[in-house]
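In: sequence isn't available, so here's the structure alone:
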């Protein structure tokens, strides 16, 4: 399993591909992260929880970040009967159509086929879709 890619690897790779020195790429990387954080943080709490979402930060060909409210919900881990967490912000990422298309074309994902299961005609419990015997939906 890969350990992932961090700032150092990103800066090094971008410097190599662009011909710009790593020191300058590092400055741009830092500025980009700061702009994203500032943009996501630039939200009025009252209108955020009223309207439903913060500003969308779009990086063309990659995706978008947006602060969205997560609905409140009851919790059971506090030991208090009827404990409830109110609405709170979460940062969501939506992949761009271009990146999604690129990922689907990767060889390790092209061969992926949905799992086949058996339909009601094959098993008493039935199935939801894609019967291995070609019988279709239950």
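Out: Cool, got the structure. The structure presented is a predicted model; accordingly, all values stated were derived computationally and were not measured. Numbering: from 1, shown residues only.
In: buried stuff in the helix or strand residue 8 falls within?
Out: Assigned by DSSP states H and E, residue 8 falls within helix 7-18. Buried residues in helix 7-18, defined by neighbour count with 16 or more other Cβ atoms under 10 Å: 11, 14, 15. For glycine as for every other residue, the C-beta is placed from the backbone atoms N, C-alpha and C.
In: one more: stretch 67-75?
Out: Across stretch 67-75, burial judged by 16+ other Cβ under 10 Å covers 67, 69.
In: give me the mean pLDDT for it.
Out: Computed over stretch 67-75, the mean pLDDT rounds to 83.
In: for it, which outside residues touch it?
Out: Applying Cβ atoms under 8 Å, 6 or more residues apart in numbering, the contact partners of stretch 67-75 are 40, 43, 48-49, 52-55, 82-92.
In: tell me the buried residues within these.
Out: Buried members of the contacts of stretch 67-75, counted by 16+ other Cβ under 10 Å: 40, 43, 48, 54, 89.
In: which pair in the residues you listed spans the largest distance?
Out: Using Cβ to Cβ, the buried ones among the contacts of stretch 67-75 span at most 11.1 Å, a distance reached by 40 and 48.
In: what sits against residue 59?
Out: Taking Cβ under 8 Å, 6+ apart, we find residue 59 in contact with residue 96.
In: quick revisit: among the buried ones among the contacts of stretch 67-75, which lie within strands?
Out: Members of the buried ones among the contacts of stretch 67-75 lying in strands (criterion: DSSP state E): residue 89.
In: any idea how far residue 90 lies from residue 53?
Out: 11 Å (Cβ to Cβ, to the nearest Å).
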